[in-house]
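**Q** structure of the sequence below:
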Amino acid sequence: MAAPFLRVALRRHLQLPHTRRLLRPPRRHQFSGPSSGAKEPKKEDPIPVQNTVDLLPFWQRLGPLTRAGQAYARAQRRRPWGTQVASTLVIYFCADLSAQHMSGNSYDPKRTLRSLIIGGASSIPSYTWFMWLSRNFNYSSHLLSIAAKVAVNQTFFTPVFNTYFFGAQALLSGDTLSETWERVKMTVPVSIANSLKLWPAVTAFSFTYVPLEYRSVFAGVVAVGWQTYLSFLNRQAELRKDSQKMMSAAAAEHEKQASVTTAHNVDCQKRRLPA
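**A** Reported below is the predicted structural model:
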């Protein structure tokens, strides 16, 4: 009875290693490189070091002014002409108020109305001109591009605009064509000479540092002061013309009185003569 039991036990012992080999999972080939599905560990962002952090432009760090400028830029992109007309009217209104305050005289609403008409009529042509100037004269040399834009603007736009401004002021004031021409000759050369002290630098700075959508805002701020000067210069021309009229009227009155006195003296002498 022991012999069959020993044979069964021996057979099981011999079959056990073979069974273990069958049940053992197959080994996978191991590669030295990373698997295709494995993700590389995420690199940590470097800690910002002083003078290496990109700062926002100056005009984007002004708080409420920045938000107002961004709102203006959005309005200009949606309705460029309407925005230009509205901003130009505000500029001319502020400039005329400032000029009238500087003159020391009482406020003249008709003069403000004339300024608004002149500004509103010139807003779209001025905007079109500066947009054209932005798209042209762009050379490989930035300095050459700025110099060309400034030269073209001062040569063509400034004389035409100043002639229009002072001529329209005179015509809307009721002057004749000859009086309008006299005012243009009196004011335009002076204004062009003085514009050389301001607008070339403003134009160069605007085309160099100010983005396209903010250039009208920047130029508008400067234009308030410039239009104040033009309004003041126009007022001086008006006062000079009024003074000349008063002097002419006084001279005519003096000649009239002198002629009357002479005629009276002649009559008196005739009466004294014997018949």
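**Q** show me the shaky parts of the stretch 101-250 of the chain.
**A** 242, 244-245, 248-250 (pLDDT under 70).
**Q** so which residues of it form helices?
**A** 109-135, 142-152, 158-172, 177-195, 199-209, 215-272 (DSSP state H, counting those that start in this stretch).
**Q** packing partners of the second one?
**A** Going back to what we said before, that points to helix 142-152. helix 199-209 (3 or more Cβ pairs under 8 Å, 6 or more residues apart in numbering; DSSP states H and E). (Glycine included, C-beta is placed from N, CA and C.)
**Q** how about the helix it packs on: buried residues?
**A** 199-200, 202-203, 206-207 (16 or more other Cβ atoms under 10 Å).
**Q** how much space separates the residue nearest to Asn153 when sequence neighbours are not counted from Ile118?
**A** Nearest residue to Asn153, sequence neighbours excluded (Cβ to Cβ, 6 or more residues apart in numbering): Thr203, at 5.7 Å. Distance check for Thr203 against Ile118: by Cβ to Cβ, to the nearest Å, it reads 22 Å.
**Q** ditto for Phe166
**A** 10 Å.
**Q** wait, the residue nearest to Asn153 touches Ala151, no?
**A** No - proximity of Thr203 to Ala151 does not meet the contact threshold set by Cβ atoms under 8 Å, at 9.8 Å.
**Q** identify the contacts common to the two.
**A** Taking Cβ atoms under 8 Å, 6 or more residues apart in numbering as the criterion, Thr203 and Ala151 do not both touch any residue.
**Q** quick one: contacts for the nearest residue to Arg114 once chain neighbours are set aside?
**A** Spatial nearest neighbour of Arg114, chain neighbours left out: Leu172 (4.5 Å); criterion: Cβ to Cβ, 6+ apart. Residues near Leu172 by Cβ under 8 Å, 6+ apart: 114, 117-118.
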